[in-house]
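> requesting a structural model of the entry that follows:
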Amino acid sequence: MTSSIDPPFAAGIDATRLGEWLTQHWPGFEGPIESISTFSGGQSNPTYRLTTHKGTWVMRTKPAAKAQLLKSAHAIEREYRVLKALESSRIPVPRVHLLCEDESIIGRAFFIMQYLNGRVLWDPAMPEFDAQTRHAHYQEMNRVISELHLLQTQEAGLEDFGKGTDYFERQIKRWSQQYQSTITEDVPEMNRLMDKLPQCIPSSARSPSVSLVHGDFRLDNLVFAPDGPRVLGVLDWELSTLGHPLADFSYHCMAWHISPQLFRGIAGLDLKALGIPQESTYIQWYCEHTQRYEPSALSQDWDFYLAYNLFRMASILQGIAWRDQSGTASSPQAKEAGKQALPMAQLAWKYAMRLGA
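From the prediction side, this is the model:
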């Protein structure tokens, strides 16, 4: 995990007041806070690195009070709950320490969690590694998302973490509404997708399969060990809920269909030379790990899953563009990310045109 170079204290956060509150509510915490710096990369909930003479921690917050928050977005409390529930599971997550819903402390709700001393990899082509090491990292990613979807939610105390059923119908409606509430310029493909996708939900997507889904499971939301292909923690659970595991897994597989020029993808690269598995191999690994699906059956409906997830990503990117224009974006990269909404929607429509109905 890397942070940007900031002044000793991030603007707008009263380090003294924060330190006093942490001392009062967190046994063993010793101030004062020596620095607060912003982590780079995140587009939604701001994330900060806190340091004291005793160590380093991570603070995750809702956006600043000036931000106009979208309904159901920036769910800090839900993130805290799911991380707490997963601490004793097979899913690697950072340990959370405490949640503060009193917005008078720093002006917004926040929670404190463990700082993981590892590596965040941004480029799925992994240019820093050789072919064998890349292959091992992809195997580890596959293992972790499979373990996530095998989690017994009742045992984790998450049986009420979402509705679970009718997942795609509800998600298509949600992201359609979110897109419509953040339009900065008309995207014809989004209008077509909002009409077509509800009519094309396949039987596999209507199956009763329900699991905990991360909602944004991708390479740069994983922290790897500094010395090998082992995931130390899965980050950014803001979109997590109970839902259909194939929605989560197919989202993760979008990298095989997105070019490096459009977003962080591997489409068009020489995967064999890089040591990166073909998507068909990656899907087979997942099916073998979970023992839930047959690769041949998934291939019949794969265009729907890709169209749905690309549509969803276009809606998310449109939200980033809207926050950038309204001056409430959490990342300096927001402007460039927001520009990808249109080409992402166009790619989604390419797959949707292959569907019936």
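
> okay, buried residues for the helix or strand encompassing Thr23 please.
Using DSSP states H and E, Thr23 sits within helix 15-25. Neighbour-count burial for helix 15-25, with 16 or more other C-beta atoms under 10 Å as criterion, is recorded at 15, 18-19, 21-22. For every residue, glycine as well, the C-beta is placed using N, CA and C.

> centre of the chain to the next helix-or-strand element following that helix, how far?
Once the chain leaves helix 15-25, the next helix or strand it forms, by DSSP H and E, is strand 35-38. Chain-centre distance of strand 35-38: 22 Å, with C-alpha atoms, centre = their mean, to the nearest Å.

> what lines up beside strand 35-38 in the sheet?
With DSSP bridges as the test, strand 35-38 is paired with strand 47-52 (antiparallel).

> quick one: name whatever helix or strand follows the partner strand.
By DSSP H and E, the next helix or strand past strand 47-52 is strand 55-61.

> low-confidence stretches in the stretch 1-150 of the chain?
1-11, 41-44, 65-74 (pLDDT under 70).

> again, 90 this time
The model of the stretch 1-150 of the chain has pLDDT under 90 over residues 1-13, 28, 31, 38-46, 62-75.

> all the helices of it, in order from the start?
15-25, 76-86, 131-150 (DSSP state H, counting those that start in this stretch).

> and the ones you listed as TSV, adding distance to Leu274?
Converted to TSV, those look like this (distance: least, C-beta to C-beta, whole Å):
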stretch	distance to Leu274
helix 15-25	44
helix 76-86	31
helix 131-150	6
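
> wait, which of those helices is closest to Gln318?
helix 76-86 (22.3 Å; C-beta to C-beta).

> the closest one packs against which elements?
Where contact means 3 or more C-beta pairs under 8 Å, 6 or more residues apart in numbering; DSSP states H and E, helix 76-86 is packed against strand 55-61, strand 96-100, strand 110-114.

> list the buried residues in that helix.
By neighbour count on 16+ other C-beta under 10 Å, the buried set for helix 76-86 is 76, 78-86.

> how about stretch 257-277?
The neighbour-count check on stretch 257-277 (16+ other C-beta under 10 Å) flags 257-258, 263-267, 271, 274-277 as buried.

> span of it from start to end?
Using C-alpha to C-alpha, to the nearest Å, one end of stretch 257-277 lies 13 Å from the other.

> average pLDDT for that stretch?
The average of the pLDDT scores along stretch 257-277 is 94.

> check stretch 323-335 too.
63.

> tell me the SS of Gly319?
Here Gly319 is recorded as helix under DSSP: H, G, I helix; E, B strand; the rest coil.
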